[in-house]
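Student: Show me how the following folds:
(chains A and B)
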Protein chains: 2
Amino acid sequence: MSPTPFFPVHSETSPESGTDEYYMSMALEEARLASQEGEVPIGAVLVYQNQILAKNHNRREQNRDPTAHAEILVIQQGAGFFPSWRLEDTTLYVTLEPCPMCAGAIIQARIPRLVYGTDDPKSGAVHSLFQLTTDSRLNHRCQIVAGVLREESAQLLREFFRKRRGIR
Amino acid sequence: MSPTPFFPVHSETSPESGTDEYYMSMALEEARLASQEGEVPIGAVLVYQNQILAKNHNRREQNRDPTAHAEILVIQQGAGFFPSWRLEDTTLYVTLEPCPMCAGAIIQARIPRLVYGTDDPKSGAVHSLFQLTTDSRLNHRCQIVAGVLREESAQLLREFFRKRRGIR
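Tutor: The predicted structure is shown next:
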């Protein structure tokens, strides 16, 4: 994939438009919004041929919905753009390695490419605890790029939990 | 669990009210509705202290939503009855063994008890391919009862796929 940037990059520190780092920085922006709303800071962006179909963040607390993870929300939102439930030719960007529910949703949606930030040793289902999205027994597997803006994603989570422990 | 029936059972063939078979027969009714709508026939019911919080069926095709499995829909619907996203003291009934997405959602929702009909050797994530809901590394595990009205659930699926093969 070598996408053409669709508008000029103004800041020297911003990643070049259209790259994995570019979309992941958007997912990080979403994660920061989550943090401001008192949610565990995880953000996601769904991209189809250089178009952003959906971006969202974890809303579990405010929606009082255990399924309202960032990945599920962008999949549900993005699915509206397709004639069927198959999200073909999409890339899902998410700041944290998906849990079993979200890795399973990625398989259900037939998303061909997943890019994530930092590993989740406690419930990661792509690499850490399970390898659901590359399991040859399931009817879909996806390409995985791990570690994009890893440190920024991990840092946001660490800060969030440190603050929360301080408050309680 | 020995729940008290809350209304008399009229038919000799109906399972006694309040039993696992009773709620599973409701899930089977939902699965039949799915079939009539051209959806893979899978139904689910969410129960809290003998009250039905939600019942629904697979709506993936009609909603054009890869996450619209019966289990996800009843969890999202049922979550509205609780002060937080934790579905404590609930039992989820589903006619087919949950896939990784749905098994993951059951963990996310902290559902303590799962009753399912027939195994899914192709993508079952409770017993067949993965054992997500009993994995000691995750932060929630649930009690599982498998095989309730197994043959009825399996028969519905077999009929659906036989008909579909005939049509195509």
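
Student: and residue A:52, how many neighbours?
Tutor: Neighbours of residue A:52 under the rule other CB atoms under 10 Å in any protein chain shown: 14. All C-beta spots, glycine's among them, are computed from the backbone N, C-alpha and C.

Student: Can you classify it as helix, strand or coil?
Tutor: strand (DSSP: H, G, I helix; E, B strand; the rest coil).

Student: Which residue lies closest in space to it, excluding its sequence neighbours?
Tutor: residue A:45 (6.0 Å; CB to CB, 6 or more residues apart in numbering or on different chains).

Student: Secondary structure of the one you found: a strand, I assume?
Tutor: Yes - judged by three-state DSSP, residue A:45 forms part of a strand.

Student: Residue A:140 belongs to a strand, doesn't it?
Tutor: No - using three-state DSSP, the assignment for residue A:140 is coil, not a strand.

Student: Would you mind measuring from it to residue B:134?
Tutor: The gap separating residue A:140 from residue B:134 is 24 Å, by CB to CB, to the nearest Å.

Student: swap in residue A:75?
Tutor: On the measure of CB to CB, residue A:75 and residue B:134 end up 26 Å apart.

Student: Which one's more surrounded, the two?
Tutor: residue A:75 (29 against 15).

Student: Phi, psi for that one please.
Tutor: phi -70, psi -50 (degrees, to the nearest 10).

Student: Check it and give its pLDDT.
Tutor: Residue A:75 is assigned a pLDDT of 98 by the prediction.

Student: Name the residues that touch the least confident helix or strand in chain A by mean pLDDT?
Tutor: Here the helix or strand of chain A ranked lowest by mean pLDDT, DSSP states H and E is helix A:150-167, holding a mean of 94. Residues outside helix A:150-167 that contact it (CB atoms under 8 Å, 6 or more residues apart in numbering or on different chains): A:24, A:28, A:31-32, A:35, A:40-42, A:95-96, A:117-119.

Student: and with 6 Å instead?
Tutor: When contacts are defined by CB atoms under 6 Å, 6 or more residues apart in numbering or on different chains, helix A:150-167 is touched by residues A:28, A:31, A:35, A:41, A:95, A:117, A:118.

Student: Identify, from those residues, the entry nearest to chain B.
Tutor: residue A:41 (16.7 Å; CB to the nearest CB).

Student: Next, the contact list for the closest one, please.
Tutor: Residues counted as contacts of residue A:41 (CB under 6 Å, 6+ apart) are A:31, A:34, A:35, A:156, A:160.

Student: buried sites along the host helix or strand of the first one?
Tutor: Residue A:31 is located in helix A:20-36, with elements delineated by DSSP states H and E. Using 16 or more other CB atoms under 10 Å in any protein chain shown as the test for burial, helix A:20-36 gives A:20-28, A:30-35.

Student: Can you name the residues of chain A that neighbour chain B?
Tutor: A:60, A:64-67, A:72, A:75-76, A:79, A:85, A:99-101, A:104-105, A:108-109, A:123, A:129, A:132, A:137-138 (CB under 6 Å from any CB of the partner chain).

Student: From those, which land in helices?
Tutor: Using DSSP state H, A:60, A:72, A:75, A:76, A:79, A:100, A:101, A:104, A:105, A:108 are the members of those that sit in helices.

Student: Grab the nearest non-local neighbour of the fifth one.
Tutor: What that stands for is residue A:79. residue B:65 (5.0 Å).

Student: measure that neighbour to residue A:90 for me?
Tutor: Distance from residue B:65 to residue A:90, counting by CB to CB: 14 Å.

Student: circling back to that earlier point, what about the residue nearest to residue A:79, how many neighbours?
Tutor: Neighbour number of residue B:65 under other CB under 10 Å is 20.

Student: how far away is it from residue A:119?
Tutor: Distance from residue B:65 to residue A:119, by CB to CB: 29 Å.

Student: and what of residue A:142?
Tutor: 17 Å.

Student: the more surrounded of those two?
Tutor: residue A:142 (20 against 17).

Student: Low-confidence bits of chain A, can you list those?
Tutor: Chain A contains residues with pLDDT under 70 at A:1-13, A:167-168.

Student: and residue A:143, how many neighbours?
Tutor: Other residues close to residue A:143 by other CB under 10 Å number 13.

Student: Any figure for the gap between the residue nearest to residue A:39 when sequence neighbours are not counted and residue B:22?
Tutor: Spatial nearest neighbour of residue A:39, chain neighbours left out: residue A:58 (4.7 Å); criterion: CB to CB, 6+ apart. From residue A:58 over to residue B:22 the distance is 37 Å, taken as CB to CB.
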